[in-house]
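# Sharing a model that was predicted from the sequence below.
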Amino acid sequence: MTPYAVVIPTLVRESLPDCLAALAAAHGPRPEHIVLVDDRPATPVPDPERLEHALSVLGDLRDRTTVLPGEARGPAAARNTGLRAVTEPWVVFVDDDVQVGPHWCAQLHQDLGEATPDTAGVPGVITVPLPGGRRPTDWERGTAGLARARWISADMAYRTEVLRRAGGFDERFPRAHREDADLALRLLDAGWRIRRGCRTTLHPVRPASRWASVRSQRGHADDALMR
C-alpha cells in the first residue's frame, strides 16, 4: 500500500460536511493523514461550531485529521500550509466543494501504484452534474468545463518531495483559477510527467449570485501572471 495524505483548503462552506462524509465513506486504503486548512479570515472571528459540525462526519478518520489555520491568502497559500505538515510520500489535494466517489480510496491506491518513477502527479476524473429539462446557465457551463481541465487541483495527487523541490504552489495567485495550471506547467518543464488517473470525483455546481460572472472576470489578472 502506498501511504498518502489528503490536504483540503477550506472556507468552511456548506459543502464541507458532504466533502468529508464522502471521503469517510470511500472504500479502500485510508489516508494516513488528513490536513484541513481553515483559511477563513481572522476577523470577524470564525464560528468554531461550524467547523466542528463538519468534522463530526469523519468518524474514525477524525483521529487522523489535523486542522491548521490559514492566512486567508487563497487556496495556493493554504495548500502550501497543508503540504508543510505532510510526511507521506504522496499528497492528494481535494477541494471542499467536491465529493470523492464511493471507491475513491481503492482507485487512488491503483493510481499511485501505477505511477511510473517519472510521474509527479495523477489527477482524478472530475464529473459535473448538470440540471435536466433546461439549458444550463453560464455559471453551470463554466463549472462543467472543470471536467475537461487537465491539471485541476479539485482532486490532484502529487509526489510530496517533488512538490517541495518545486516550491509548491505559487502564492502570488490569490484565487482558485490558474494556480494549479501554473504548478503543473512548472513540473512538466522540469521533465516530470502528469498522468490522468482512474478515480472519480463529483464536482456539484455551487449556488451563484448574479455577480458570479463579474467575480470570475477577476481571474484574468492571473492569466497575466502566468505569462
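Arrived safely. In this text the structure is predicted, and so the values were computed from the model without any measurement. Residues are numbered from 1 along each chain as shown.
# Contacts only, for the spatially most central residue of the chain.
By Cα atoms, centre = their mean, the chain has its centre lying nearest to residue 94, at 2.7 Å. Residues counted as contacts of residue 94 (Cβ atoms under 8 Å, 6 or more residues apart in numbering) are 6, 7, 8, 19, 23, 100, 154, 155, 201. Any C-beta I mention is one placed from the backbone N, CA and C, and that applies to glycine too.
# In the sheet, which residues pair with it? Tell me.
residue 155 (DSSP bridges).
# What's the per-residue pLDDT of it here?
For residue 94, the pLDDT comes out at 98.
# what about it, distance to residue 15?
12 Å (Cβ to Cβ, to the nearest Å).
# residues touching residue 133, list them.
By Cβ under 8 Å, 6+ apart, residue 133 has no neighbours at all.
# So it belongs to a helix, correct?
No - according to DSSP: H, G, I helix; E, B strand; the rest coil, residue 133 belongs to no helix; its state is coil.
# Now do the end-to-end distance for stretch 161-173.
Length of stretch 161-173, first residue to last, Cα to Cα, to the nearest Å: 22 Å.
# again, but for stretch 1-15
Using Cα to Cα, the two ends of stretch 1-15 sit 30 Å apart.
# for it, which positions count as buried?
4, 5, 6, 7, 8, 9, 10, 11, 12, 13, 15 (16 or more other Cβ atoms under 10 Å).
# Could you do stretch 143-151 as well?
143, 144, 146, 151.
# pLDDT of it, averaged?
Here the average pLDDT along stretch 143-151 is 81.
# Just the CA trace of that stretch, in PDB.
In PDB, the C-alpha atoms belonging to stretch 143-151 read as follows (Å, rounded to 0.1, in the frame of the first residue of the first chain):
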ATOM      1  CA  THR A 143     -18.300  24.700 -13.800                       C
ATOM      2  CA  ALA A 144     -18.900  21.800 -16.300                       C
ATOM      3  CA  GLY A 145     -15.700  22.900 -18.000                       C
ATOM      4  CA  LEU A 146     -13.800  21.700 -15.000                       C
ATOM      5  CA  ALA A 147     -14.400  18.100 -16.200                       C
ATOM      6  CA  ARG A 148     -12.100  18.800 -19.200                       C
ATOM      7  CA  ALA A 149      -9.400  20.500 -17.100                       C
ATOM      8  CA  ARG A 150      -6.100  18.700 -17.400                       C
ATOM      9  CA  TRP A 151      -4.400  19.700 -14.100                       C
END
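# how much distance is there from that stretch to the middle of the chain?
Computed by Cα atoms, centre = their mean, to the nearest Å, the chain-centroid distance of stretch 143-151 equals 13 Å.
# now swap in stretch 146-165 and tell me
With Cα atoms, centre = their mean, you get 8 Å for stretch 146-165.
# returning to what we had before: would you turn the buried residues of stretch 143-151 into JSON lines with secondary structure?
Formatted as JSON lines, those follow (three-state DSSP):
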{"residue": "143", "secondary structure": "helix"}
{"residue": "144", "secondary structure": "helix"}
{"residue": "146", "secondary structure": "helix"}
{"residue": "151", "secondary structure": "coil"}
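# Among the residues you listed, pick out the one closest to residue 132, please.
Closest to residue 132 out of these is residue 144 (13.3 Å), distances taken as Cβ to Cβ.
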